[in-house]
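Q: pasting the sequence and the predicted coordinates here, then a few questions.
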Amino acid sequence: MSPAHPWRTALFAVFTLGCAVAAVLIPALPQPVDYHAFVDERALWGIPNFMNVVSNLAFVAAGAAGLIVVARSPSAFENSAERWPYFVFFTGLVLTGFGSAYYHLEPDNETLFWDRLPMTIAFAGLVSAQLAERISIRLGVALLPVLIVVGAASVIYWRATERAGVGNVLPYAILQGYTMAVVLLLALTHGSRYTRGADIYWVFAAYLAAKVAESLDAEMWQATHGLVSGHTLKHLLAALSGVVVCFMLLRRREQPTHAAAAPGLQRPA
């Protein structure tokens with residue numbers, strides 16, 4: 001941790017605690033009954049909801065490309081342990097592609113579980129990577145399994161409550177919002193040990209655009225005269241965030257000012 005600005009790390013800790021408390025104390029929020037009603041229901045080549053299904057190939061492609069970059073770009077990592085968060089992130093993207101495609105073949109709460117579960121894996125990898133690069137390698141890598149477990153638990157809990165007839169999607173929703181908020185918070189308050197650190201803002205922007213497109217599913221459909229729906233655009237924009245991370249890793253180098261690591265940034269033994 002940066003000894004010069006401990007308040008920045010304290011801010012991250014307080015925000016994390018606040019989100020955890022909110023997930024427990026805010027009243028349950030059931031999954032909206034109309035969530036699965038997507039405007040584009042066109043079938044093609046025997047595949048129902050064709051565009052919402054096949055657009056998930058973008059996740060698979062971005063994730064696969066990212067895994068290759070992680071394996072073959074040694075200059076992108078000061079320490080080999082830093083590969084793990086990105087390995088998890090890109091693996092989560094690949095699995096999200098398959099899980100989301102499966103969901104859109106027959107959208108309901110049971111199939112939605114397999115869409116959301118791998119997304120939490122990608123979230124965990126992204127947060128862990130930013131912690132490792134901006135606060136501490138040890139902290140980021142150590143929290144990776146914790147973040148994976150917490151993310152998976154939020155989706156498992158949601159499905160269990162839905163099956164019990166008292167659905168509560170709130171913990172998962174807070175986790176999703178927390179991921180993007182904490183990535184932005186870390187970028188604003190902690191410099192990266194690498195060049196291209198500002199690229200994370202484009203990751204945030206692509207994900208935000210994806211959420212906007214998702215909320216405008218029918219409006220996008222009408223604006224494009226039935227060419228593409230907002231939900232299909234959501235898939236493409238969210239996958240674009242993975243492409244941005246790929247290019248960031250390909251182009252970045254260790255910052256000269258961090259060549260001699262500060263105490264909180266020492267390589268783990």
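A: Looks like it arrived, so ask away.
Q: which helix or strand in this protein has the lowest average pLDDT?
A: The least trusted helix or strand in the chain, going by mean pLDDT, DSSP states H and E, turns out to be helix 6-25, with a mean of 81.
Q: give the buried residues for that helix.
A: Neighbour counts over helix 6-25 (16 or more other Cβ atoms under 10 Å) mark Arg8, Thr9, Leu11, Phe12, Cys19, Ala23 as buried. For the C-beta atoms, the positions are set from N, CA and C on the backbone; glycine is no exception.
Q: and what of stretch 48-58?
A: Judged by neighbour count (16+ other Cβ under 10 Å), stretch 48-58 contains these buried residues: Asn49, Phe50, Met51, Asn52, Val53, Val54, Ser55, Asn56, Ala58.
Q: and if you look at stretch 140-151?
A: Residues Gly140, Val141, Leu143, Leu144, Leu147, Ile148, Val150, Gly151 are the ones in stretch 140-151 that count as buried (16+ other Cβ under 10 Å).
Q: chain center to that stretch, what's the gap?
A: Its chain's C-alpha centre and that of stretch 140-151 lie 13 Å apart, by Cα atoms, centre = their mean, to the nearest Å.
Q: all strands of the stretch 1-150 of the chain, in order?
A: For the stretch 1-150 of the chain, no strands are identified by DSSP state E, counting those that start in this stretch.
Q: and Glu214, how close does it get to Thr16?
A: Between Glu214 and Thr16 the computed distance is 25 Å (Cβ to Cβ, to the nearest Å).
Q: quickly find the element holding Gly191.
A: Gly191 belongs to no helix or strand when assigned by DSSP states H and E.
Q: is it correct that it is in contact with Gly197?
A: Yes: judged on Cβ atoms under 8 Å, Gly191 makes contact with Gly197 at a distance of 6.6 Å.
Q: any residues in contact with both of those two?
A: Shared between the contact lists of Gly191 and Gly197 (criterion: Cβ atoms under 8 Å, 6 or more residues apart in numbering) are residues Arg134.
Q: give me the low-pLDDT residue ranges for this protein?
A: Along the chain, the model assigns pLDDT under 70 to residues 1-5, 7, 258-269.
Q: distance of the spatially most central residue of it from Ala152?
A: Geometric centre of the chain, nearest residue: Phe123, 3.4 Å, by Cα atoms, centre = their mean. Remark: distance between Phe123 and Ala152 (Cβ to Cβ) = 10 Å.
Q: cool, and Arg163?
A: To Ala152, Arg163 is 17 Å away according to Cβ to Cβ.
Q: more crowded one of these two?
A: Using other Cβ atoms under 10 Å, the more surrounded residue of Arg163 and Ala152 is Ala152, with 16 against 11.
Q: gap between the more buried one and Ala173?
A: Taking Cβ to Cβ, one finds Ala152 at 15 Å from Ala173.
Q: ok, Phe204 next?
A: 18 Å.
Q: also Ala37?
A: Separation of Ala37 from Ala173 (Cβ to Cβ) stands at 19 Å.
Q: more neighbours: these two, which one.
A: Set Ala37 next to Ala173 and count neighbours by other Cβ under 10 Å: Ala173 wins out with 16 against 11.
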